[in-house]
Structures are given as structure tokens and as C-alpha cells.
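# Okay, sequence plus prediction incoming.
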Amino acid sequence: MSARLSTWKFTVEATDSTGRRGKHRGLVDSHSETAARQGVVESVQAAGYQPCGPVQLTPKRK
């Protein structure tokens, strides 16, 4: 049996290749909080940024 898919709001601070720091916010769908955190880190890195703080997650209410 698989866990129910949940939507999470995320916020993470990240730096770009020139060292500029900024906050990234959005939504991520995941079956678990751990998988949601990993997905946020991977997507931020794929966009060319390096996370420089913890990923903050809160469940999105429907």
C-alpha cells in the first residue's frame, strides 16, 4: 500500500553561481516529507542554484 500523495509548500534559501543569495518558494507533491525535501533540493540544483539552508516544508491545506 502506498502513502497518499500530499502537496507541500516549501521555502529554501539558495545561492547562484555568482554567490547571490535568494529565497525560493513553491509547491511540491510527494508521498512523504523526506521525498519532498529531496525533490526540492534536486529541482533547485537543476535550476543552477545551490541550497544554503534547510528546506522548510508545511502541508498545504485543501
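Arrived safely, thanks for sending. Numbers count the residues shown, from 1 in each chain.

# what secondary structure does the most centrally placed residue in the chain sit in?
By C-alpha atoms, centre = their mean, the chain has its centre lying nearest to residue 40, at 2.8 Å. Secondary structure assignment for residue 40 (DSSP: H, G, I helix; E, B strand; the rest coil): helix.

# For it, give me its contacts.
Contacts for residue 40 (C-beta atoms under 8 Å, 6 or more residues apart in numbering) come out as 10, 12, 28, 55, 57. C-beta: built from backbone N, CA, C; applies to glycine.

# quick one, phi/psi of the second one?
Translated: residue 12. Dihedral pair for residue 12: phi -150, psi 140, per degrees, to the nearest 10.

# Test my guess that it contacts residue 56.
Yes - Residue 12 lies in contact with residue 56 (C-beta atoms under 8 Å); the separation is 7.0 Å.

# Just want to know which of these two has more residues nearby.
residue 12 (22 against 15; other C-beta atoms under 10 Å).

# Just give the nearest non-adjacent residue to the more buried one, would you?
Of all residues not flanking residue 12 in the chain, residue 55 sits nearest, at 4.6 Å (C-beta to C-beta, 6 or more residues apart in numbering).

# Can you get me a residue count around that neighbour?
Other residues close to residue 55 by other C-beta under 10 Å number 21.

# do the same with residue 53
For residue 53, using other C-beta under 10 Å, the count is 12.

# Once you drop chain neighbours, what's closest to it?
In space, residue 53 is closest to residue 13, 4.1 Å off (C-beta to C-beta, 6+ apart).

# so is that neighbour in a helix, a strand, or just coil?
Of the three states, residue 13 takes strand under three-state DSSP.

# Fine by me, we can end here.
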